[in-house]
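>>> after the sequence you'll find the predicted model.
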Amino acid sequence: MNYGVLEERIGYSFNDKSLLQRALTLPSADGDDNNQVLEFFGDAILEFLVSEKIYDEDKTEGELTELRKSLVSDRALTPVSQRLGLSDFFIKGAGDNIFKKSIPSAYEALLAAIYIDGGMSAARCFVLSTLDFSAVAYPKNYKGLLQEFLQGRGQPLPQYVCEDIGDIHTPMFSVTIVCGGKTFRGKGQNKKQAQQSAAKSALEWLER
């Protein structure tokens, strides 16, 4: 099979074409040389590269975890695989109508194959050029938006007063701020979430 078209789509030319072939070989094909192990390896590489891309976002560990989940989920990878046309090159057994899971899995297997063939730099380039980070809805930074709102009107910035209201089993924080002579409160499982909640309430009230 001529993989030139696919290599042009993914922006990478393999030195070892057998790696590309293996990445596109579904478990339904005859033999053991399918893409399942590559998929396993690619999943780990993808999580690392996505973490590397987003780690310096101004977010908590929990928020980063949720963001990463949304970026590496089958729901996110399926349209990427479809856009690249990976299924056009699948090697599969007779009667295999392409199991739904095979489409996003092929992206992970392909990533692993690129890593093995060309190293981390090539793998990183592939992910950054094909994965749609903009498709994920980033949570609003209400604290920053509130600051911009108040500074734009020459108003003082609020002081965030935090109180630990949880226990050892259920962490919970309450934050209080005063804006425009009115008190606003927010709660969250960590201080940052509580601050964002309070800032959101204040901003919504001020914008009204």
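Structure received. Numbers count the residues shown, from 1 in each chain.
>>> where do the helices sit along the protein?
Per DSSP state H, the chain carries helices over the ranges 4-10, 17-23, 36-54, 61-72, 74-84, 102-118, 120-130, 142-152, 191-207.
>>> winner for burial among these?
helix 102-118 (a mean of 24; mean count of other Cβ atoms under 10 Å). Using the backbone N, CA and C atoms, a C-beta is placed for each residue, glycine as well.
>>> what's opposite Thr183 in the beta bridge?
Val178 (DSSP bridges).
>>> rewinding a little: need the helices of the chain in TSV (columns: mean pLDDT).
Supplementary listing: those in TSV, determined by pLDDT from 0 to 100:
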stretch	mean pLDDT
helix 4-10	94
helix 17-23	96
helix 36-54	96
helix 61-72	85
helix 74-84	91
helix 102-118	96
helix 120-130	96
helix 142-152	90
helix 191-207	90
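>>> with distance to Lys182 added, can I get those helices in JSON lines?
Formatted as JSON lines, the helices of the chain follow (distance: least, Cβ to Cβ, whole Å):
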{"stretch": "helix 4-10", "distance to Lys182": "54"}
{"stretch": "helix 17-23", "distance to Lys182": "58"}
{"stretch": "helix 36-54", "distance to Lys182": "35"}
{"stretch": "helix 61-72", "distance to Lys182": "27"}
{"stretch": "helix 74-84", "distance to Lys182": "40"}
{"stretch": "helix 102-118", "distance to Lys182": "48"}
{"stretch": "helix 120-130", "distance to Lys182": "44"}
{"stretch": "helix 142-152", "distance to Lys182": "13"}
{"stretch": "helix 191-207", "distance to Lys182": "7"}
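>>> do you know how far the most centrally placed residue in the chain is from Glu207?
By Cα atoms, centre = their mean, the chain has its centre lying nearest to Leu71, at 2.6 Å. Leu71 is 30 Å from Glu207, where distance means Cβ to Cβ, to the nearest Å.
>>> thinking again about what came up before, how near is the residue nearest to the centre of the chain to Lys101?
Leu71 is 18 Å from Lys101, by Cβ to Cβ.
>>> nearest to Ile165, of the helices of the chain?
helix 191-207 (9.3 Å; Cβ to Cβ).
>>> and that closest one with helix 142-152, angle?
40 degrees (axes from the mean of the first three to the mean of the last three Cα atoms, to 10 degrees).
>>> just how off-centre is helix 191-207 within its chain?
Centre-to-centre, helix 191-207 and its host chain are 25 Å apart (Cα atoms, centre = their mean, to the nearest Å).
>>> need the CA coordinates for it. PDB is fine.
Extracted in PDB, the C-alpha atoms of helix 191-207 (Å, rounded to 0.1, in the frame of the first residue of the first chain):
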ATOM      1  CA  LYS A 191      -9.100  28.100  47.600                       C
ATOM      2  CA  LYS A 192      -8.800  28.800  44.000                       C
ATOM      3  CA  GLN A 193     -12.200  27.400  43.100                       C
ATOM      4  CA  ALA A 194     -13.800  29.400  46.000                       C
ATOM      5  CA  GLN A 195     -12.100  32.600  44.800                       C
ATOM      6  CA  GLN A 196     -13.300  32.000  41.300                       C
ATOM      7  CA  SER A 197     -16.800  31.400  42.500                       C
ATOM      8  CA  ALA A 198     -16.900  34.600  44.600                       C
ATOM      9  CA  ALA A 199     -15.400  36.600  41.700                       C
ATOM     10  CA  LYS A 200     -18.000  35.200  39.300                       C
ATOM     11  CA  SER A 201     -20.900  36.300  41.600                       C
ATOM     12  CA  ALA A 202     -19.400  39.800  41.900                       C
ATOM     13  CA  LEU A 203     -18.700  40.200  38.200                       C
ATOM     14  CA  GLU A 204     -22.200  39.100  37.200                       C
ATOM     15  CA  TRP A 205     -23.800  41.500  39.700                       C
ATOM     16  CA  LEU A 206     -21.500  44.400  38.600                       C
ATOM     17  CA  GLU A 207     -22.200  43.800  34.900                       C
END
